[in-house]
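J.: Build me a model:
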Amino acid sequence: MYNPEIETMSRSEMKALQFLRLKQTVKRVYENVPFYKQKFDELGITPDDIQSLEDVRLLPFTKKKDLRDQYPFGLFAVPMEEVNRIHGSSGTSGKPTVVGYTKNDISNWAKIVARAIVTAGGKKSDIFHNAYGYGLFTGGLGLHHGAEELGVAVVPISGGNTERQITVIEDFKPRGICGTPSYILNIVEQMEHMGLDPRDTSLEYGIFGAEPWTEEMRATLEKKLNIKAIDIYGLSEVMGPGVAIECYEAQNGLHIADDHFLVEVLNPETLEPVEDGQDGELVFTSLTKEALPIIRYRTGDIASITHEKCKCGRTHTRMSRLKGRTDDMLIVRGVNVFPSEIERVLLQIEGLFPNYQIHLTKKGSLDSVELHVEIEKHLYQEVGEDLGHAAVQALKRTIQHQMKSTCLVSMDTIINKPGSLPRSDGKAKRVVDKRKATPVTN
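T.: Next comes the predicted model:
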């Protein structure tokens with residue numbers, strides 16, 4: 001463990017520490033962030049009303065829209081001369097969400113990520129290949145500074161230039177790697193294209209996140225690379241990568257850094273707490289952030305939590321792997337479908353490469369799903385590169401049957417030749433919404 005005293009702290013001790021830090025955070029936002037002062041005043045509460053950890057439920061929620069409305073620096077709790085770094089989202093769907101960090105925030109974040117890397121199986125003697133993107137996105141620099149804090153030799157290669165990535169992996173012989181699972185899969189695919197066996201690398205563990213991925217994708221990455229594939233969770237609004245991570249020993253839930261983040265799981269409809277083990281929306285309150293402390297941030301991520309001690313010995317709250325996002329959920333002809341469920345089904349079907357896109361279209365006045373998949377290279381060669389072959393059509397029928405029986409929605413399936421769907425150097429674009437661009441016909 002990176003910090004056994006903290007990571008094995010009793011629940012009563014941890015709750016006492018969380019309450020102390022919650023009080024400090026509430027006072028900070030009330031006195032320094034006009035947005036929160038107004039919210040508190042509207043609810044008729046002050047920091048003095050927080051008398052227990054459970055009183056977090058008295059506090060207002062924060063949504064992504066609030067960060068956009070306060071763009072760029074309206075939620076900062078310190079003057080700009082104390083801000084050490086600024087990160088932000090891509091802003092592809094509007095103004096980006098902007099987050100700031102003091103020098104102390106950066107230090108805390110580095111320690112949180114160092115702890116996460118150890119939890120994932122990392123050691124100080126490792127070479128660590130960082131294939132997350134560097135820049136406004138928190139992934140690359142977040143893992144970078146955590147790796148340096150731990151003392152590993154970090155390779156800041158970022159995303160892209162896949163052949164160079166492979167050369168560096170072969171020559172530098174890293175023990176650990178991190179990146180989005182879709183991009184790591186691209187590296188694997190390119191290795192195979194070059195006639196290399198991805199299982200023969202020096203890699204032993206991978207830390208993957210920043211996009212939804214399934215147990216089936218984990219199994220694919222572990223088999224193809226002969227590694228332990230570890231799920232990491234984080235979001236820039238709360239801190240960045242490292243909010244939670246799976247342990248190497250169990251891979252059974254992600255350990256939340258309880259000393260820095262207070263988690264709630266709420267019914268997204270009623271906003272009432274759910275029991276341990278029940279799915280709901282993750283809501284986080286930061287406990288140590290200075291530049292941009294955040295109160296009850298509604299993540300939109302669906303998961304459950306448990307407070308049971310893990311077999312690795314850690315006692316922190318564990319969250320399940322994400323089941324989906326409230327804003328990613330597709331509603332097709334009245335049926336709720338998560339893209340992660342589509343991926344889970346696809347990756348269980350023999351003959352498909354684990355790359356796909358979901359196109360939302362219109363058929364008449366009804367929403368329709370068009371599923372674009374890639375055939376495995378060896379099967380493509382077996383059928384003589386004929387996508388009309390009986391074996392390919394049988395595969396298509398299998399996909400459609402499995403989707404209908406599991407997701408309860410009929411999906412048009414388009415099977416493509418290997419390598420034809422878009423690849424990404426970062427987060428994969430799995431859903432393409434063509435409904436507004438598709439003319440409605442009768």
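J.: Domain map for the chain?
T.: Here the domain assignment for the chain is 1-325, 330-433, based on automatic domain parsing.
J.: average pLDDT for the first one?
T.: Okay, so that is domain 1-325. What domain 1-325 shows for mean pLDDT is 96.
J.: now it: how far from the chain's centre is it?
T.: 8 Å (Cα atoms, centre = their mean, to the nearest Å).
J.: and it, how far apart are its ends?
T.: End-to-end distance for domain 1-325: 31 Å, by Cα to Cα, to the nearest Å.
J.: before we move on, what about stretch 243-256?
T.: 6 Å.
J.: Show residues contacting that stretch.
T.: Here stretch 243-256 makes contact (Cβ atoms under 8 Å, 6 or more residues apart in numbering) with 7, 112, 116, 119-121, 205, 207, 228, 230-235, 257, 261, 263, 284, 305-306, 310-312, 314, 316-321. For glycine as for every other residue, the C-beta is placed from the backbone atoms N, C-alpha and C.
J.: Now do the buried residues in that stretch.
T.: Using 16 or more other Cβ atoms under 10 Å as the test for burial, stretch 243-256 gives 243, 244, 245, 246, 247, 248, 251, 253, 254, 255, 256.
J.: Check the gap between the fifth one and residue 1 for me.
T.: Think residue 247. As for residue 247, its distance to residue 1 is 10 Å (criterion: Cβ to Cβ, to the nearest Å).
J.: go on, the last one?
T.: With distances taken as Cβ to Cβ, residue 256 is found 15 Å from residue 1.
J.: returning to what we had before: a markdown table for the buried residues of stretch 243-256, including distance to residue 430?
T.: Shown next, in a markdown table, are the buried residues of stretch 243-256 (distance: Cβ to Cβ, whole Å):
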| residue | distance to residue 430 |
| --- | --- |
| 243 | 22 |
| 244 | 22 |
| 245 | 23 |
| 246 | 22 |
| 247 | 28 |
| 248 | 28 |
| 251 | 23 |
| 253 | 24 |
| 254 | 21 |
| 255 | 27 |
| 256 | 26 |
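J.: Now render the residues you listed as TSV, adding distance to residue 360 and secondary structure.
T.: Shown next, in TSV, are the buried residues of stretch 243-256 (distance: Cβ to Cβ, whole Å; DSSP: H, G, I helix; E, B strand; the rest coil):
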residue	distance to residue 360	secondary structure
243	30	strand
244	30	strand
245	32	strand
246	32	strand
247	37	coil
248	38	coil
251	33	coil
253	32	coil
254	30	strand
255	36	strand
256	33	strand
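J.: Please pick the buried ones from the contacts of stretch 243-256.
T.: 7, 112, 116, 119-121, 205, 207, 228, 230-235, 257, 261, 263, 284, 305, 310, 312, 314, 316-321.
J.: What residues sit buried inside the longest strand seen in the chain?
T.: Looking only at the chain and at elements set by DSSP state E, the strand with the highest residue count is strand 352-363. Within strand 352-363, the residues that count as buried by 16+ other Cβ under 10 Å are 352, 353, 354, 355, 356, 357, 358, 359, 360, 361, 362.
J.: Let me see the contact set for residue 27.
T.: By Cβ under 8 Å, 6+ apart, the contact set of residue 27 is residue 47.
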